[in-house]
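# could you look at this predicted model? Sequence included:
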Amino acid sequence: MRQVPTLEELALEAATCTRCPLAKGRTQVVWGVGAPKAELMFIGEGPGREEDLQGEPFVGRSGKLLDTLMRQEMGIDRTQCYIANVVMCRPPGNRDPLPAE
């Protein structure tokens with residue numbers, strides 16, 4: 001039976017991924033943050049400009065809104081959930097990711 005890779009192993013693999021054209025335009029891979037075993041996960045489509053520059057999901061305007069809503073409406077912060085995107089590289093022009101990506 002094949003062993004399931006750890007998040008650390010997947011992160012190392014993702015850091016050098018070139019499986020789709022998004023790799024050509026990225027500054028860096030934007031990996032998930034927070035508590036990997038959290039009961040709550042927020043998933044975005046893909047990183048924007050700020051996320052690509054900082055290497056962390058939801059740090060731009062949407063991230064500030066998410067942080068505020070989590071704090072004010074749910075009483076939690078980023079350490080109590082896991083935040084990631086469907087794709088880890090920024091799509092050009094902030095377009096939606098394509099199915100092949």
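Nice, thanks for sending it over. Owing to the predicted nature of the structure, the values given are computational and were not obtained by experimental measurement. Numbering: from 1, shown residues only.
# for the rest of this, base every contact and every neighbour count on C-alpha atoms.
Will do.
# the residue most central in space within the chain: what's it in contact with?
Centroid-nearest residue in the chain: Ala84, 3.1 Å away (criterion: CA atoms, centre = their mean). Shown in contact with Ala84 (CA atoms under 8 Å, 6 or more residues apart in numbering): 31-33, 41-44, 57.
# also Gln80?
Per CA under 8 Å, 6+ apart, neighbours of Gln80: 34-35, 38, 40.
# equivalent analysis for Arg49, please.
Contacts of Arg49 by CA under 8 Å, 6+ apart are 60, 90, 94.
# tell me which element the residue nearest to the first one when sequence neighbours are not counted is part of?
Which is Gly60. Nearest in space to Gly60, with sequence neighbours left out and distances taken as CA to CA, 6 or more residues apart in numbering, is Glu50 at 5.5 Å. Element membership for Glu50 (DSSP states H and E) is helix 49-54.
# what's the first helix or strand after that helix?
helix 61-69.
# for ChimeraX, write the selection for the buried entries among the contacts of Ala84.
Typed into ChimeraX, the line below selects the buried ones among these, using 16 or more other CA atoms under 10 Å:
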select :31,32,33,41,57
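# in a markdown table, list the contacts of Ala84 along with secondary structure.
Output for the contacts of Ala84, formatted as a markdown table (DSSP: H, G, I helix; E, B strand; the rest coil):
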| residue | secondary structure |
| --- | --- |
| Trp31 | coil |
| Gly32 | coil |
| Val33 | strand |
| Met41 | strand |
| Phe42 | strand |
| Ile43 | strand |
| Gly44 | strand |
| Pro57 | coil |
